[in-house]
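In: please work out how this folds:
(3 chains)
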Amino acid sequence: MDPKSWIRAKARISPYEAIFWIAAAVIPFVFFENYLSLAASVAVTALFCISLDMILGYAGIISLGHAAFFGIGAYTAGILSARGWGEPISGLLLAAAVTAAVGYIVSFMIVRVQHLALLMITLGLSFLLAELAISFDQFTGGSDGLQGIDTWKLLGIWKFSLWGHTAYAYALATLFVLFLLARRIVHSPFGLTLEAIRENPVRTTALGAPNHAHLRKIFTIAAAFAGVAGALLAQISETVSPEALGFQRSAEIAVMLILGGTGRLYGAILGAIIFMIARDQISGFYLQYWYFWIGLILILVVLFLPRGILGGLERLARLGRRA
Amino acid sequence: MNSLETRNLNKAFGKLVVADNVSLALPQGARHALIGPNGAGKTTLINLITGALRPDTGSVQLNGEDITSLLPDARVKRGLGRTFQINTLFPQLTPLESATMAICERDALSGHWLSPLAKHGAAIDEAYDLLGRVGLADAATKPTRDLAYGQQRLLEIALALASSPKVLLLDEPAAGVPKSESAALFEVIAGLPEDISVLFIEHDMNLVFSFATSITVLVQGAILTEGPPDQIAHDPQVREIYLGGAHHG
Amino acid sequence: MSTLIAVLFDGFSYGMLLFLLSVGLSVTLGLMNFTNLAHGAFAMLGGYVTYALVESAGWPFLATLPLAFLATALIAAVFEAVLFRRIYKSGELNQVLLTIGVVFASYAVAAFFFGTVHHSVDLPDYLKGFVEIGDLKLPAYRIFLVIVALAVTAGLILFLEFTRFGAMVRAAVDNDKVAGGLGLNINAIFALTFALGSGLAGLGGALAIDILFIDPNFGFHILVPVLIVVSIGGLGSIWGSFLAAAALGIFDVAGKFLFPDFGPFLIYLFMVVILFFRPNGFFARR
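Out: Numbers count the residues shown, from 1 in each chain, chains lettered A, B, ... in the order given. So this is what the prediction gives:
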């Protein structure tokens, strides 16, 4: 066996992946034109979920407040637009820069603490930001949400319409580009080191790895990803409310990631697709039943499918090959 | 100049003294065993050397440099490697990935976040060679958690070697290894590169007396005696502890 | 002056309520490192037990309190035996997710049986209105709350210090390996402690009914202050929880009074800063 080709095979793009992305680009436009807005928010959520996968699935940092960065990105892009600059792509870039900066500062706190203190600091920071968003209402619109966002034509050509053609194309393209970036990161030497830190930080230290520096770096990168996802939502929906930062969003994104499967990027995407479509279909009837199903799914996944749907499928495939 | 030296190390947790004025010296290429009853402070001493614990007083010198104030990872970067008494591995990664990670970290590649791992072919080849040398080539691409216990002990040593240490601390390398698998382990330890200085803790007296060229006996955090193996083997105090004492290791 | 005392007393009584709601979680977290985010859902259960008994069965309020405790303890014991016991060893993330799942499901179940509206109960006359001490007017219900909380604290401390079971719990919190080595059955100790701790949360939920109202979101809403108390107070420490709860209660009420816009903000800020410097809280047993 050649060890290099084994490593390379792990990172190779499979035909299934190509099929998935082509399908994602075609099917909603052709068969589900009435659901393009939903498809756009699925793409946004998938991007946010990938961001959580980078810190939780790959680096093993448990955060209950990841929506903080989603919200900062949303408010950054939203306020920029409401103050008169509605060019979408520069809005995304600014949101990425601001969330990366905040993420970098926060990362110094995150790497210092563990267990309950880590949960509480991540939770506390997101609540703190939500309170700020409500209090500084001259910038944020307070608890009513930010009004007056006007997103200009994409690249000066395509208008964001009610039907959501532009919105979905824009969200999917952004998701695709950042997915490729995330894929590159997790298959780099840095990505491997993160997995090693997740698996055993004591050993990585004994191998000379500066764990904290590595974790700060991925936290900063993931914050920027979450910020871009938030900015996308603000530009597409042309509104931002404090719930963008809220615990509920942080909890939901974790549910999606666990459902799809952590530490494999596609788990994040699959989880987002299933969760968002299911919510769209079910919550229309009764909200409380929706919560019942989420709760039940979480319990069942933890007990019986600890590696999520993709992890379970992988195991089935392995068993099938052996038999 | 000694590869590793500790000078008058002291450490106490409250009233419990775990290191009592410990001074050790390992010349280059040393095979030095650290023995003593359970609770003698052997692992504590390893932790003081690696930087997992800070001494109350005293210093640690690595190749003539005072490393007492350095963080653990910085000490590793200067050539101090270690293994663990209880397997401290990456259960979901393969040995190939684990060793490649260690080599990337050593060669300052671990910060590269935009270049594919497969591009760093030299690191991967070196990792695979290293695994081959400890007899893990066949297991290189299986998840670590699926490896036999003896193989995991070998991987412990392989990972420590991957960081190219000048001084290697082996914390009970044979702990828990069944007789059937211990020959491979002994062979690997016997075959460690000669220029590496090795300090090892071990309860298996076979291993101690076949590889050590000098032995330090630690009791209650302090050095009881020190010397070549045959002198230690005939030391009445040591015999008292190991044959007559209540805490048989 | 009397306004100040009234505000402080308001805060203190709210703090005592938080203490009842938190202390069980603190002990069980210290005992087993089991991150149970469903603790607030058990509190909600106690609240609904009292509501149902008072409003539907016509029980007197006081008589429902022991039952809120017992029913919650019993159901918590079932959850522990059937569900939670399986994940003690499977990592923090799984514990967080599974117990959050229980909170989500509890929302739906509560909404199904009781609707999504706020509920409170009609209190007996002697708990309504105010008690006047000089020119000080203190709400009768809050005085009652403080008395119950102090009695529970005293009982807990006597229980832990002077009973054989209490000594076992203390030994297990301090060092479960040693305690296991001494032949104590950690699992049984934990199951019983979990039931009792959840029962106290149920009692807290029942008592909260006149101060916070009960609705299906209770399990989520109460979780944050409860976790603040537990993390700041330090795992496994009754005094830590007591002091942290009292401080949080007073700060919360005084904060609303002094800086109405920034009260919650300051609470989260203090928590983050405190945990940054003291990640184990102030009085952790280990």
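In: please make it C-alpha for all contacts and neighbour counts, starting now.
Out: OK.
In: now the residue of chain B found nearest chain A, nearest residue through space, not along the chain?
Out: In chain B, no residue comes nearer to chain A than B:Asp73, which is 4.0 Å away by Cα to the nearest Cα. Closest residue in space to B:Asp73, ignoring its immediate chain neighbours: A:Gly208 at 4.0 Å, by Cα to Cα, 6 or more residues apart in numbering or on different chains.
In: gap between B:His43 and chain C?
Out: That one is not His; residue B:43 is Thr. Distance, B:Thr43 to chain C, by Cα to the nearest Cα, to the nearest Å: 19 Å.
In: what sits against the residue in chain B sticking out farthest from the centre?
Out: In chain B, the greatest distance from the average C-alpha position (Cα atoms, centre = their mean) is reached by B:Leu114, at 33.7 Å. By Cα atoms under 8 Å, 6 or more residues apart in numbering or on different chains, the contact list for B:Leu114 reads A:181, A:184-185, A:188.
In: now, which of these lie within helices?
Out: In this view, these that belong to helices under DSSP state H are A:181, A:184-185.
In: pLDDT score for A:Val113?
Out: At A:Val113 the predicted local distance difference test score is 86.
In: just give the nearest non-adjacent residue to it, would you?
Out: Residue nearest to A:Val113 in three dimensions, not counting chain neighbours: C:Pro279, with 6.2 Å by Cα to Cα, 6+ apart.
In: same list, the ones in helices among the contacts of B:Leu114, but only the ones touching chain B.
Out: A:181, A:184-185 (Cα under 8 Å from any Cα of the partner chain).
In: of those - the most surrounded one?
Out: A:Ile185 (22 neighbours; other Cα atoms under 10 Å in any protein chain shown).
In: I'd say that one and A:Gly191 touch.
Out: Yes. A:Ile185 is in contact with A:Gly191 according to Cα atoms under 8 Å; the separation is 5.7 Å.
In: shared neighbours, those two?
Out: Overlap between the neighbourhoods of A:Ile185 and A:Gly191 consists of B:Trp113, taking contacts as Cα under 8 Å, 6+ apart.
In: which residues of the stretch 101-250 of chain A fall in helices?
Out: Secondary structure of the stretch 101-250 of chain A (DSSP state H, counting those that start in this stretch): helices located at A:115-135, A:137-140, A:165-186, A:189-199, A:201-206, A:211-237, A:247-260.
In: nope, chain C is what I was after
Out: Counting by DSSP H, the helices of chain C are C:2-32, C:39-55, C:61-82, C:92-114, C:140-162, C:164-174, C:176-181, C:186-207, C:218-221, C:223-233, C:238-258, C:263-277.
In: between those, which has the poorest mean confidence score?
Out: Within those, the least confident segment by mean pLDDT turns out to be helix C:176-181, at a mean of 63.
In: just to revisit the earlier point, looking at the helices of the stretch 101-250 of chain A, which has the lowest confidence?
Out: Set side by side, the helices of the stretch 101-250 of chain A differ in mean pLDDT, and helix A:137-140 is lowest with a mean of 78.
In: torsion angles phi and psi at the residue nearest to A:Val113?
Out: Here the main-chain torsion angles of C:Pro279 (degrees, to the nearest 10) amount to phi -60, psi -20.
In: give the contact list for it.
Out: A:113-114, A:117.
In: save the residues you listed as CSV, and put in distance to A:Gly311 too.
Out: Below are the contacts of C:Pro279 laid out as CSV (distance: Cα to Cα, whole Å):
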residue, distance to A:Gly311
A:Val113, 29
A:Gln114, 26
A:Ala117, 29
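In: how about the residue of chain A found nearest chain C: what's its closest non-neighbour residue?
Out: Residue of chain A nearest chain C, by Cα to the nearest Cα: A:Gly295 (3.7 Å). Take A:Gly295 and drop its neighbours on the chain: the residue closest to it by Cα to Cα, 6+ apart is C:Gly101, 3.7 Å away.
In: before we move on, the earlier item: isn't the residue nearest to B:Asp73 right up against B:Leu80?
Out: No. Using Cα under 8 Å, A:Gly208 is not in contact with B:Leu80; the gap is 9.1 Å.
In: more neighbours: the two, which one.
Out: B:Leu80 (28 against 24).
In: contacts only, for the more buried one.
Out: B:50, B:62, B:165-169.
In: and it, bridged to which residues?
Out: B:Val167 (DSSP bridges).
In: pLDDT value on it, please?
Out: Per-residue confidence at B:Leu80 stands at 94 (pLDDT).
In: now do it against B:Leu161, distance only.
Out: From B:Leu80 over to B:Leu161 the distance is 10 Å, taken as Cα to Cα, to the nearest Å.
In: C:Leu21 now?
Out: Counting by Cα to Cα, the gap from C:Leu21 to B:Leu161 is 53 Å.
In: looking at those two, which is more packed in?
Out: Here C:Leu21 and B:Leu161 are set side by side on neighbour count (other Cα under 10 Å), and the busier one is C:Leu21, at 33 against 26.
In: please name the nearest non-neighbouring residue to residue 197.
Out: I went with chain A, as the question did not name one. Distances taken as Cα to Cα, 6+ apart place A:Thr204 nearest to A:Ile197, at 5.9 Å, with adjacent residues excluded.
In: meant chain C actually
Out: On the basis of Cα to Cα, 6+ apart, the spatially nearest residue to C:Gly197 that is not a chain neighbour turns out to be C:Gly24, at 3.5 Å.
In: near chain A, which residues of the stretch 151-286 of chain C are found?
Out: Within reach of chain A by Cα under 8 Å from any Cα, the stretch 151-286 of chain C has these residues: C:227-228, C:231, C:261-262, C:264-265, C:268-269, C:271-272, C:275-276, C:279-280.
In: what about C:Ile211, how many neighbours?
Out: By other Cα under 10 Å, the residues close to C:Ile211 number 13.
In: could you do C:Ser56 as well?
Out: Burial of C:Ser56, expressed as a neighbour count using other Cα under 10 Å, amounts to 9.
In: tell me the pLDDT at it?
Out: 86.
In: look up how far C:Asp215 lies from it.
Out: Counting by Cα to Cα, the gap between C:Ser56 and C:Asp215 amounts to 17 Å.
In: just checking, the residue of chain A closest to chain C touches C:Val102?
Out: Yes. Counting by Cα under 8 Å, a contact exists between A:Gly295 and C:Val102, whose distance comes to 5.7 Å.
In: which residue does chain A bring closest to chain B?
Out: Nearest residue of chain A to chain B: A:Gly208, at 4.0 Å (Cα to the nearest Cα).
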